[in-house]
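Colleague: Fold the following for me, if possible:
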Amino acid sequence: MSSTPTESATGLSHRQKRRVLAKLAFVVAGTLSFFLSVYLWFFTGDELTAIYVGLWVPSLFALGALVASPEGER
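Modeller: Purely as a prediction, here's the structure:
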């Protein structure tokens with residue numbers, strides 16, 4: 001398997017690396033949002049803010065899927 005100039009030692013092109021990093025960033029943001037929501041609900045008692053922050057989770061995951069999808073699949 002010969003590598004092209006745009007591929008690294010891992011076999012991923014620059015565009016593929018950016019897509020993986022974008023997916024990772026949105027998964028981390030959604031997970032942090034979930035844990036923040038749980039913290040707000042159980043430890044501060046601020047239920048409305050916890051619900052608001054909890055609604056970020058599916059929104060972040062959906063946005064991440066849109067942003068990280070290949071151009072041909074949109």
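
Colleague: Report the contact partners of the most centrally placed residue in the chain.
Modeller: Centrality entry for the chain: nearest residue to the mean C-alpha point is F26, 1.4 Å, by Cα atoms, centre = their mean. The neighbours of F26, taking Cβ atoms under 8 Å, 6 or more residues apart in numbering as the test, are 60-61, 63-65, 67-68. (Glycine included, C-beta is placed from N, CA and C.)

Colleague: among these, which ones are buried?
Modeller: By neighbour count, with 16 or more other Cβ atoms under 10 Å, those hold 60-61, 64, 68 as buried.

Colleague: Show me those residues that map onto helices.
Modeller: Judged by DSSP state H, those include 60-61, 64, 68 as members of helices.

Colleague: Quickly check those for the two that are furthest apart.
Modeller: Checked with Cβ to Cβ, those reach their widest spread between L60 and A68, with 11.8 Å between them.

Colleague: Give me the lowest-pLDDT entry from the ones in helices among the buried ones among the contacts of F26.
Modeller: Here the lowest pLDDT out of those sits on A68, with 81.

Colleague: who's in contact with it?
Modeller: 19-20, 22-23, 26.

Colleague: Tell me the most packed of these, by neighbour count.
Modeller: Of the contacts of A68, F26 is surrounded by the most neighbours, 19 neighbours in total, counting by other Cβ atoms under 10 Å.

Colleague: any idea how far that one lies from K17?
Modeller: Look at F26 and K17: by Cβ to Cβ, to the nearest Å, they are 15 Å apart.

Colleague: pLDDT value on the residue nearest to the centre of the chain, please?
Modeller: The predicted local distance difference test score for F26 is 94.
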